[in-house]
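1. Just need the structure, nothing else, for what follows:
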Amino acid sequence: MAWGVVRDGRLVHSGGAGTVSQQDPTPPGPDHVFRIASMTKSFTAATILLLRDEGRLRLDDPVAQHVPALEGWRPYAADATPVTIRDLLTMSAGLATDDPWGDRQQGLPLDAFERLLAAGPSVALPPGVTFEYSNLGYGILGRVVTSAAGREYCEVVRDRLLVPLGMRSTGYLEEEVPEDRLMHGYARLGDELVREGRDGYGALAAMGGVFSTVRDLALWVLGFLDAFPARDDPEGPHPLRRASRREMQQGHRPYGLSIPAHAADEAPPVRVGAYGFGLEVIPDLELGTFVAHAGGYPGFGSHMAWHPASGLGVIGLGSLRYAPMRPAVNEALRALVEAGTTPRRRVAALPQTERAVAAVERLLEAWDDAAADALFAMNVDLDEPRGRRRAAVESAVASVGRPLRQAADRPATSETPAERTWWLRGERGWLRVEAKLTPEPSPRLQWLVVEAVPDPGAALVGIAQRLLDGAADGDLPADLPVADALDRNRYARSARAASLRFGSLRLGLPRAGDGTTTATWELAVERGGPAGLRVVLDAATGMLVEASLTVAERAAAGEAW
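-> Residues are numbered from 1 along each chain as shown. Predicted coordinates:
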């Protein structure tokens, strides 16, 4: 196998392991040519979008409009819509999953494919409703390219994408590859290695026929990374617009949710993702969004993955039947992103948002109706009368005390450029502030939340600490006054589960409560997270009426898309 890492707009590392072939004992490098199988689909999708941008087709065209052999294609049901180019791009045309059959159709002659299409491929689902992986669908897209461009599919990809990008070692024909750089594909049959994967160019080349190298694929991946963030710079030499490259990397058709096998004391790792245009889009709560595509074929396995927020990407190519490059590449990429050596691109607030934040902080220091008039959108006083809002804001500030200051341990966050959530530290507690702007030509503030979180009192802190000290056993302290309303068994189960899942638990910063009878803390944990602890006391008796250890709500941090 061979691999490469891209960062800062270039291939920064490459390597190889194993041997070039049974006859050549040297390991492959970045210029050895592998068949990349289904990674080809990104080239096909990019060519479709290039033709779309030129006005030669529309993504919502019925595919039969461009492939006359499909004019008699019977729909799934009488009420089903015709299959469109978009359906094929997003794997939602209703065609049945065709691995591994499709892999053996790579070299299907064009006339035989024409007869297959004229007979009408069978469908398993109505189009446009769900994801189902289809190699046949991308084979049909190859015929769409030929029809719309007026030239054979492989020639269009070569002349419109590969040549302009300088991908000189990439193509569709094995015979064009110098023998000393060609990787032979193998299958392991018992103790024997058997060469395979030698199908020539055929009708399904659009789904898996490309041969390429780590060095060339670095250029391909860098083109997708360069599409972020959107900007006013000139387009540059890439033949496909940045906007279209971003479009390919959006999740257009979600996969079904799944939970892989995991240890009983670990959090269930929910898998979710979507198919874009010839690419997979995988969100991750910890690290943000990844974009990728794998390839598996008789004799070969491949994977490419990148992280738009950091500009990092990894490519891996193997010369064994369905070589499992996906897990290796994904693990390497995650390790590089987690290492944090490359800054991640996060959402930057608009200048108008920054100005609104400063204006809100001036109101918190000293309310001024004229300043509020200049800041607030027309809905704000309708949503809550000005007098009530002013009184609530002044009460919140009074409860935590002045002066108010920014705190480094609670950085501001923005999920979109037009909103901001931030914390201000007062003498006796915290203010949590949310602000959101309108989409008007001169944006104004349409949403303002100011929530006081006073520092929890000594009684609340003492009880919370005792609960955490005994969390591993799940027992409530015997001398702790507990109301009958508290479900002891439920608390015990949640406390033991939290201890197993998160390890040691320590009080962090408060995030809600009145400071006297209620408090909710963020917890500092040994592993995993985020976690929280909520404690509620009876105002009259001081007895514990609620104690709950929770997995705190979280969402993926915003990224500079």
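
2. okay but residue 450 is in contact with residue 392, surely?
-> Yes - in this structure, residue 450 is within contact of residue 392 by CB atoms under 8 Å, at 7.1 Å. (Each C-beta comes from the backbone N, C-alpha and C, glycine too.)

3. Between these two, point out the one with more neighbours.
-> residue 450 (20 against 15; other CB atoms under 10 Å).

4. three-state assignment of the more buried one?
-> strand (DSSP: H, G, I helix; E, B strand; the rest coil).

5. Just list the residues touching it, thanks.
-> Residues in contact with residue 450 (CB atoms under 8 Å, 6 or more residues apart in numbering) are 364, 392, 393, 396, 397, 431, 432, 433.

6. Just the buried ones from those residues?
-> 364, 393, 396, 397, 431, 432, 433 (16 or more other CB atoms under 10 Å).

7. ok, now how distant is the fourth one from residue 413?
-> Going back to what we said before, that points to residue 397. 22 Å (CB to CB, to the nearest Å).

8. for the first one, same thing?
-> Look at residue 364 and residue 413: by CB to CB, they are 19 Å apart.

9. Could you do the last one as well?
-> From residue 433 over to residue 413 the distance is 12 Å, taken as CB to CB.

10. and for the two, which residues touch both?
-> 421, 422.

11. Tell me where the model's unsure across the stretch 201-350 of the chain.
-> 265, 341-343 (pLDDT under 70).

12. which residues of it fall in strands?
-> 211-212, 253-254, 274-275, 280-284, 288-297, 300-307, 312-318 (DSSP state E, counting those that start in this stretch).

13. could you say what helices and strands the second one packs with?
-> Spelled out, that is strand 253-254. Counting contacts by 3 or more CB pairs under 8 Å, 6 or more residues apart in numbering; DSSP states H and E, strand 253-254 is packed against strand 274-275.

14. Can you name the residues in contact with the strand it packs on?
-> For strand 274-275, using CB under 8 Å, 6+ apart, the contacting residues are 90, 91, 131, 251, 252, 253, 254, 255, 280, 281.

15. How about the fourth one, nearest residue that isn't a chain neighbour?
-> Closest residue in space to residue 251, ignoring its immediate chain neighbours: residue 274 at 2.7 Å, by CB to CB, 6 or more residues apart in numbering.

16. Okay, and the beta partners of that neighbour?
-> Counting by DSSP bridges, residue 274 is bridged to residue 254, residue 281.

17. Going forward, the N-terminal residue is numbered 58.
-> Happy to do that; since the first residue is 58 now, the last one works out to residue 331.

18. Is there a neighbour count for residue 176? I'd like the number.
-> That count, for residue 176 with other CB under 10 Å as the rule, works out to 11.

19. mind listing what it touches?
-> Neighbours of residue 176 in contact, by CB under 8 Å, 6+ apart: none.

20. from what I can see residue 433 touches residue 502, true?
-> Yes - using CB under 8 Å, residue 433 is in contact with residue 502, at 5.5 Å.

21. host element of residue 500?
-> Assigned by DSSP states H and E, residue 500 falls within no helix or strand.

22. Using the three-state scheme, assign residue 606.
-> strand.

23. who does it bridge with?
-> Beta-bridge partners of residue 606, as defined by DSSP bridges: residue 590.

24. still on that earlier bit, can you select the buried ones from the contacts of strand 331-332 in PyMOL?
-> A single PyMOL command selects the buried members of the contacts of strand 331-332 (16+ other CB under 10 Å):
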select buried, resi 147+148+188+308+309+310+312+337+338
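
25. burial measure for the residue nearest to residue 308, as a count.
-> Quick note: residue 331 (other CB under 10 Å) scores 17 neighbours.

26. And the one 3 residues further on, by the same measure?
-> Summarising burial for residue 334: neighbours were counted as other CB under 10 Å, giving 24.

27. in terms of contact, does it touch residue 106 like I think?
-> Yes - counting by CB under 8 Å, residue 106 is a contact partner of residue 334 at 6.6 Å.

28. Give me the common contacts of these two.
-> In contact with both residue 334 and residue 106: 304, 305, using CB under 8 Å, 6+ apart.

29. Could you measure from residue 378 over to residue 79?
-> Counting by CB to CB - residue 378 and residue 79 are separated by 15 Å.

30. Looking at the two, which one has more neighbours?
-> Each of residue 378 and residue 79 has its neighbours counted (other CB under 10 Å); residue 378 has more, 22 against 10.

31. how much space between the more buried one and residue 394?
-> 30 Å.

32. what does residue 331 give?
-> Taken as CB to CB, the span from residue 331 to residue 394 is 20 Å.

33. Without its sequence neighbours, what residue ends up closest to residue 483?
-> Residue 483 sits nearest to residue 457 (CB to CB, 6+ apart), 3.3 Å away.

34. List the contacts of the one you found.
-> Neighbours of residue 457 in contact, by CB under 8 Å, 6+ apart: 483, 484, 485, 486, 487, 488, 509, 510, 511.

35. Now that we have the residues you listed, which of them are buried?
-> For those, buried by 16+ other CB under 10 Å: 483, 486, 487, 488, 509, 510, 511.

36. ok, residue 346 touching residue 333?
-> No - between residue 346 and residue 333 there is no contact under CB under 8 Å: 10.9 Å.

37. okay, the two: which has more neighbours?
-> residue 333 (23 against 19).

38. Now do the contacts for the more buried one.
-> 102, 147, 304, 305, 306, 307, 308, 309, 348.

39. Tabulate those residues in TSV, adding columns for distance to residue 230.
-> Formatted as TSV, the contacts of residue 333 follow (distance: CB to CB, whole Å):
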residue	distance to residue 230
102	21
147	29
304	30
305	25
306	29
307	33
308	34
309	31
348	28
